[in-house]
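Enquirer: give me a 3D structure for the following:
(one chain, ligands or ions: 1)
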Amino acid sequence: MTRLAGKVAIVTGGARGMGEATVRLLVEHGARVLIADVLDEPGQALADDLGDSALYTHMDVSSKADWDAAIPLAQTLGPLSVLVNNAAIIFQKTIMDTSEADFMKIVSVNQLGVFLGMQAVFPSLKTNGGGSIINVSSIDGLQSKNSLVAYSSTKWAVRGMTKAAAMEMGKYNIRVNSVHPGGVYTAMHGSDLMSQQDADKFYQHHALPRVGLPREVAALTAFLASDEATYSTGAEFIADGGWSAGLVNDALPQL
Ligand SMILES: NC(=O)c1ccc[n+]([C@@H]2O[C@H](COP(=O)([O-])OP(=O)(O)OC[C@H]3O[C@@H](n4cnc5c(N)ncnc54)[C@H](O)[C@@H]3O)[C@@H](O)[C@H]2O)c1
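Expert: Model prediction:
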(Lines give C-alpha, C1' and ligand atoms only; values in the text may rest on other atoms or scores of the structure.)
Protein backbone atom coordinates (compact mmCIF):
# COMPACT_ATOMS: atom_id res chain seq x y z
CA MET A 1 0.00 0.00 0.00
CA THR A 2 1.18 3.54 -0.68
CA ARG A 3 -0.98 5.65 1.62
CA LEU A 4 2.14 6.64 3.62
CA ALA A 5 4.71 6.26 0.84
CA GLY A 6 7.64 8.63 1.28
CA LYS A 7 6.87 9.29 4.95
CA VAL A 8 9.45 8.69 7.65
CA ALA A 9 8.21 8.26 11.22
CA ILE A 10 9.57 7.88 14.72
CA VAL A 11 7.43 5.67 16.95
CA THR A 12 8.37 5.73 20.63
CA GLY A 13 7.59 2.66 22.68
CA GLY A 14 7.51 0.88 19.35
CA ALA A 15 8.91 -2.45 20.54
CA ARG A 16 5.62 -3.95 21.73
CA GLY A 17 1.91 -3.38 22.25
CA MET A 18 0.21 -0.50 20.50
CA GLY A 19 3.59 0.90 19.46
CA GLU A 20 4.49 -2.33 17.66
CA ALA A 21 1.07 -2.47 15.97
CA THR A 22 1.58 1.14 14.87
CA VAL A 23 5.05 0.44 13.48
CA ARG A 24 3.72 -2.54 11.52
CA LEU A 25 0.74 -0.65 10.13
CA LEU A 26 2.77 2.43 9.12
CA VAL A 27 5.22 0.16 7.29
CA GLU A 28 2.35 -1.76 5.63
CA HIS A 29 1.14 1.59 4.29
CA GLY A 30 4.55 2.45 2.84
CA ALA A 31 6.28 4.47 5.60
CA ARG A 32 9.80 3.90 6.92
CA VAL A 33 10.02 3.89 10.71
CA LEU A 34 12.56 4.45 13.46
CA ILE A 35 11.48 2.27 16.38
CA ALA A 36 12.56 3.93 19.63
CA ASP A 37 12.28 2.05 22.91
CA VAL A 38 14.14 0.87 25.99
CA LEU A 39 13.29 -2.79 25.24
CA ASP A 40 16.21 -3.57 22.96
CA GLU A 41 15.59 -7.24 22.20
CA PRO A 42 11.99 -7.04 20.91
CA GLY A 43 12.71 -3.65 19.33
CA GLN A 44 15.64 -4.99 17.31
CA ALA A 45 13.72 -8.17 16.41
CA LEU A 46 10.85 -6.08 15.06
CA ALA A 47 13.23 -3.94 12.98
CA ASP A 48 14.91 -7.09 11.62
CA ASP A 49 11.49 -8.49 10.68
CA LEU A 50 10.64 -5.32 8.73
CA GLY A 51 13.91 -5.19 6.77
CA ASP A 52 14.81 -1.93 5.02
CA SER A 53 11.62 -0.24 6.21
CA ALA A 54 12.66 0.06 9.85
CA LEU A 55 15.53 0.75 12.20
CA TYR A 56 15.66 0.27 15.95
CA THR A 57 17.35 2.58 18.43
CA HIS A 58 17.59 2.46 22.20
CA MET A 59 15.91 5.62 23.42
CA ASP A 60 14.63 6.71 26.81
CA VAL A 61 12.04 9.32 25.89
CA SER A 62 12.80 11.29 29.05
CA SER A 63 16.40 11.89 27.88
CA LYS A 64 17.06 14.92 25.69
CA ALA A 65 20.42 13.42 24.68
CA ASP A 66 18.64 10.29 23.39
CA TRP A 67 16.26 12.45 21.33
CA ASP A 68 19.19 14.42 19.92
CA ALA A 69 20.81 11.15 18.80
CA ALA A 70 17.59 9.73 17.33
CA ILE A 71 16.80 12.58 14.94
CA PRO A 72 19.83 12.15 12.60
CA LEU A 73 19.29 8.39 12.70
CA ALA A 74 15.67 8.81 11.59
CA GLN A 75 16.83 11.13 8.81
CA THR A 76 18.92 8.31 7.35
CA LEU A 77 15.57 6.72 6.37
CA GLY A 78 14.50 9.87 4.49
CA PRO A 79 12.94 13.25 5.33
CA LEU A 80 11.27 12.95 8.75
CA SER A 81 7.57 13.90 8.74
CA VAL A 82 5.79 11.89 11.46
CA LEU A 83 6.28 11.46 15.21
CA VAL A 84 4.15 9.06 17.25
CA ASN A 85 4.72 9.82 20.94
CA ASN A 86 3.41 6.46 22.18
CA ALA A 87 5.77 5.42 24.99
CA ALA A 88 4.38 5.56 28.51
CA ILE A 89 4.33 3.69 31.80
CA ILE A 90 1.35 2.90 34.02
CA PHE A 91 1.22 3.44 37.77
CA GLN A 92 -1.76 2.54 39.95
CA LYS A 93 -1.71 3.79 43.53
CA THR A 94 -3.87 6.13 45.60
CA ILE A 95 -2.84 9.73 46.20
CA MET A 96 -1.70 8.80 49.71
CA ASP A 97 0.42 5.88 48.48
CA THR A 98 2.07 7.81 45.63
CA SER A 99 5.45 9.25 46.63
CA GLU A 100 6.91 12.38 45.10
CA ALA A 101 9.53 10.18 43.39
CA ASP A 102 6.78 7.93 41.96
CA PHE A 103 4.89 10.93 40.67
CA MET A 104 7.94 12.53 39.05
CA LYS A 105 8.95 9.24 37.40
CA ILE A 106 5.59 9.01 35.63
CA VAL A 107 5.76 12.68 34.66
CA SER A 108 9.27 12.29 33.27
CA VAL A 109 8.34 9.47 30.89
CA ASN A 110 4.70 10.18 30.02
CA GLN A 111 4.74 13.98 29.98
CA LEU A 112 8.31 15.26 29.67
CA GLY A 113 8.95 12.55 27.06
CA VAL A 114 6.17 13.89 24.85
CA PHE A 115 7.38 17.47 25.31
CA LEU A 116 10.98 16.56 24.42
CA GLY A 117 9.79 14.59 21.40
CA MET A 118 7.79 17.47 19.96
CA GLN A 119 10.69 19.84 20.59
CA ALA A 120 13.21 17.47 19.00
CA VAL A 121 11.33 16.87 15.75
CA PHE A 122 10.11 20.42 15.14
CA PRO A 123 13.19 21.74 13.26
CA SER A 124 13.19 18.73 10.90
CA LEU A 125 9.44 18.85 10.26
CA LYS A 126 9.63 22.59 9.59
CA THR A 127 12.55 22.14 7.19
CA ASN A 128 10.75 19.27 5.45
CA GLY A 129 7.64 21.37 4.77
CA GLY A 130 5.36 20.02 7.50
CA GLY A 131 4.31 16.84 9.19
CA SER A 132 2.11 15.13 11.73
CA ILE A 133 2.69 14.61 15.45
CA ILE A 134 0.44 12.06 17.15
CA ASN A 135 0.51 12.08 20.94
CA VAL A 136 -0.95 8.98 22.53
CA SER A 137 -2.99 10.04 25.55
CA SER A 138 -5.74 7.81 26.97
CA ILE A 139 -9.34 7.53 28.06
CA ASP A 140 -7.67 8.69 31.30
CA GLY A 141 -6.82 11.98 29.58
CA LEU A 142 -10.58 12.53 29.13
CA GLN A 143 -11.76 11.24 32.52
CA SER A 144 -9.97 9.37 35.32
CA LYS A 145 -10.15 6.60 37.92
CA ASN A 146 -9.16 6.09 41.52
CA SER A 147 -5.46 5.05 41.70
CA LEU A 148 -4.49 7.00 38.59
CA VAL A 149 -3.54 10.37 40.07
CA ALA A 150 -0.05 10.28 38.54
CA TYR A 151 -0.80 8.49 35.25
CA SER A 152 -4.01 10.37 34.54
CA SER A 153 -2.41 13.76 35.23
CA THR A 154 0.19 13.03 32.55
CA LYS A 155 -2.45 11.92 30.05
CA TRP A 156 -4.43 15.14 30.61
CA ALA A 157 -1.14 17.02 30.18
CA VAL A 158 -0.51 15.26 26.86
CA ARG A 159 -3.96 16.38 25.69
CA GLY A 160 -3.22 19.97 26.74
CA MET A 161 0.29 20.08 25.28
CA THR A 162 -1.13 18.77 22.02
CA LYS A 163 -3.37 21.81 21.71
CA ALA A 164 -0.60 24.29 22.61
CA ALA A 165 1.77 22.71 20.09
CA ALA A 166 -0.94 22.67 17.41
CA MET A 167 -1.36 26.45 17.84
CA GLU A 168 2.38 27.06 17.53
CA MET A 169 3.19 24.65 14.72
CA GLY A 170 0.16 24.96 12.44
CA LYS A 171 1.66 27.78 10.40
CA TYR A 172 4.49 25.43 9.45
CA ASN A 173 1.98 22.83 8.18
CA ILE A 174 2.66 20.63 11.20
CA ARG A 175 -0.46 19.01 12.65
CA VAL A 176 -0.56 17.85 16.28
CA ASN A 177 -3.34 15.60 17.55
CA SER A 178 -3.97 13.34 20.52
CA VAL A 179 -5.20 9.75 20.36
CA HIS A 180 -7.25 8.39 23.27
CA PRO A 181 -7.41 4.60 23.51
CA GLY A 182 -9.76 2.87 25.93
CA GLY A 183 -8.85 -0.56 27.30
CA VAL A 184 -6.48 -2.23 24.82
CA TYR A 185 -5.13 -5.78 25.16
CA THR A 186 -1.40 -5.17 25.66
CA ALA A 187 1.17 -5.85 28.37
CA MET A 188 0.10 -2.56 30.03
CA HIS A 189 -3.38 -4.09 30.29
CA GLY A 190 -2.03 -7.39 31.68
CA SER A 191 -2.08 -9.38 28.44
CA ASP A 192 0.68 -11.58 29.87
CA LEU A 193 -1.50 -12.33 32.92
CA MET A 194 -5.01 -12.81 31.49
CA SER A 195 -6.64 -14.16 28.34
CA GLN A 196 -8.35 -11.85 25.87
CA GLN A 197 -11.72 -13.35 26.92
CA ASP A 198 -11.01 -12.48 30.55
CA ALA A 199 -10.02 -8.95 29.52
CA ASP A 200 -13.35 -8.66 27.66
CA LYS A 201 -15.17 -9.14 30.97
CA PHE A 202 -14.03 -5.69 32.19
CA TYR A 203 -16.03 -4.07 29.41
CA GLN A 204 -19.39 -5.81 29.57
CA HIS A 205 -21.24 -2.54 30.17
CA HIS A 206 -19.51 -0.64 27.37
CA ALA A 207 -21.17 0.10 24.02
CA LEU A 208 -18.71 -2.36 22.42
CA PRO A 209 -18.56 -5.02 25.14
CA ARG A 210 -14.97 -6.21 24.64
CA VAL A 211 -11.36 -5.14 25.05
CA GLY A 212 -9.76 -3.22 22.17
CA LEU A 213 -6.92 -4.58 20.05
CA PRO A 214 -3.67 -2.69 19.35
CA ARG A 215 -4.31 -2.54 15.62
CA GLU A 216 -7.67 -0.84 16.16
CA VAL A 217 -5.86 2.13 17.71
CA ALA A 218 -2.96 1.99 15.26
CA ALA A 219 -5.49 2.52 12.46
CA LEU A 220 -6.41 5.91 13.92
CA THR A 221 -2.74 6.86 14.17
CA ALA A 222 -2.11 5.80 10.57
CA PHE A 223 -5.00 8.02 9.45
CA LEU A 224 -3.58 11.01 11.36
CA ALA A 225 -0.12 10.37 9.89
CA SER A 226 -1.55 10.34 6.38
CA ASP A 227 -2.51 13.12 4.00
CA GLU A 228 -6.16 12.14 4.52
CA ALA A 229 -6.03 14.10 7.78
CA THR A 230 -4.67 17.40 6.45
CA TYR A 231 -7.38 19.57 8.10
CA SER A 232 -7.23 17.93 11.54
CA THR A 233 -5.10 19.48 14.25
CA GLY A 234 -5.30 20.19 17.98
CA ALA A 235 -8.02 17.56 18.24
CA GLU A 236 -8.82 14.47 20.27
CA PHE A 237 -9.29 11.20 18.39
CA ILE A 238 -10.94 8.53 20.50
CA ALA A 239 -10.84 4.74 20.06
CA ASP A 240 -12.38 3.49 23.29
CA GLY A 241 -15.25 1.21 22.33
CA GLY A 242 -17.64 3.90 23.51
CA TRP A 243 -16.24 4.09 27.07
CA SER A 244 -16.28 7.89 27.22
CA ALA A 245 -19.87 7.97 25.89
CA GLY A 246 -21.27 6.27 28.99
CA LEU A 247 -22.17 2.83 30.32
CA VAL A 248 -25.04 0.53 29.40
CA ASN A 249 -27.48 0.49 32.33
CA ASP A 250 -29.00 -2.98 32.80
CA ALA A 251 -31.87 -1.52 34.85
CA LEU A 252 -33.16 0.42 31.83
CA PRO A 253 -34.81 -0.91 28.64
CA GLN A 254 -32.39 -2.23 26.00
CA LEU A 255 -32.56 -3.51 22.46
N1 LIG B 1 -3.26 -0.61 26.94
C2 LIG B 1 -4.21 0.23 27.29
O3 LIG B 1 -5.28 -0.20 27.75
C4 LIG B 1 -4.02 1.71 27.11
C5 LIG B 1 -5.15 2.51 27.28
C6 LIG B 1 -5.05 3.89 27.07
C7 LIG B 1 -3.83 4.43 26.68
N8 LIG B 1 -2.75 3.62 26.54
C9 LIG B 1 -1.52 4.27 26.09
O10 LIG B 1 -1.09 3.67 24.88
C11 LIG B 1 0.33 3.77 24.76
C12 LIG B 1 0.92 2.40 24.47
O13 LIG B 1 0.61 1.56 25.57
P14 LIG B 1 0.63 -0.04 25.50
O15 LIG B 1 -0.64 -0.49 26.06
O16 LIG B 1 1.06 -0.50 24.17
O17 LIG B 1 1.76 -0.31 26.60
P18 LIG B 1 3.03 -1.31 26.64
O19 LIG B 1 3.50 -1.26 28.04
O20 LIG B 1 2.69 -2.61 26.03
O21 LIG B 1 4.06 -0.56 25.67
C22 LIG B 1 4.68 0.62 26.06
C23 LIG B 1 6.05 0.68 25.38
O24 LIG B 1 6.68 1.89 25.83
C25 LIG B 1 8.04 1.57 26.14
N26 LIG B 1 8.60 2.52 27.11
C27 LIG B 1 8.32 2.62 28.43
N28 LIG B 1 9.08 3.58 28.98
C29 LIG B 1 9.86 4.09 27.99
C30 LIG B 1 10.85 5.10 27.95
N31 LIG B 1 11.21 5.77 29.05
N32 LIG B 1 11.42 5.38 26.76
C33 LIG B 1 11.07 4.68 25.64
N34 LIG B 1 10.15 3.72 25.63
C35 LIG B 1 9.55 3.42 26.79
C36 LIG B 1 7.96 0.16 26.70
O37 LIG B 1 9.23 -0.47 26.73
C38 LIG B 1 6.96 -0.49 25.78
O39 LIG B 1 7.58 -1.03 24.64
C40 LIG B 1 0.80 4.40 26.08
O41 LIG B 1 0.96 5.79 25.89
C42 LIG B 1 -0.35 4.13 27.02
O43 LIG B 1 -0.38 5.04 28.10
C44 LIG B 1 -2.81 2.28 26.75
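
Enquirer: which SS state does the closest residue to Ile89 other than its chain neighbours fall under?
Expert: With sequence-adjacent residues excluded and distances taken as Cβ to Cβ, 6 or more residues apart in numbering, Ile89 is closest to Val109, at 5.2 Å. All C-beta spots, glycine's among them, are computed from the backbone N, C-alpha and C. With DSSP: H, G, I helix; E, B strand; the rest coil as the basis, Val109 sits in helix.

Enquirer: give me the number of residues near Val109?
Expert: Per other Cβ atoms under 10 Å, the neighbour tally for Val109 reads 20.

Enquirer: wait, isn't it in contact with Asp66?
Expert: No: using Cβ atoms under 8 Å, Val109 makes no contact with Asp66, being 12.0 Å away.

Enquirer: who in the stretch 1-150 of the chain is up against the ligand?
Expert: Taking Cβ under 6 Å from any ligand atom as the test, the list of the stretch 1-150 of the chain residues beside the ligand reads 12-13, 15-19, 37-39, 59-62, 86-89, 109, 136, 138-139.

Enquirer: for the helix ranked longest in the chain, which residues meet the burial criterion?
Expert: The longest helix of the chain (DSSP state H) is helix 149-169. Residues 149-159, 161-162, 165-166, 169 are the ones in helix 149-169 that count as buried (16 or more other Cβ atoms under 10 Å).

Enquirer: ok, Ala45 to Val184 distance?
Expert: Distance of Ala45 to Val184, given as Cβ to Cβ, to the nearest Å: 21 Å.

Enquirer: higher neighbour count, those two?
Expert: More crowded of Ala45 and Val184, by other Cβ under 10 Å: Val184, with 25 against 13.

Enquirer: wait, is Arg175 part of a helix?
Expert: No: Arg175 is assigned strand when assessed by three-state DSSP, not a helix.

Enquirer: gap between it and Asp48?
Expert: Arg175 is 31 Å from Asp48, by Cβ to Cβ.

Enquirer: quick one, which of the two is more surrounded?
Expert: Neighbours were counted for Arg175 and for Asp48 using other Cβ under 10 Å; Arg175 has more, 23 against 10.

Enquirer: pull the contacting residues for the more buried one.
Expert: Residues near Arg175 by Cβ atoms under 8 Å, 6 or more residues apart in numbering: Gly130, Gly131, Ser132, Ile133, Ala166, Met169, Leu224, Ala229, Thr230, Ser232, Thr233.
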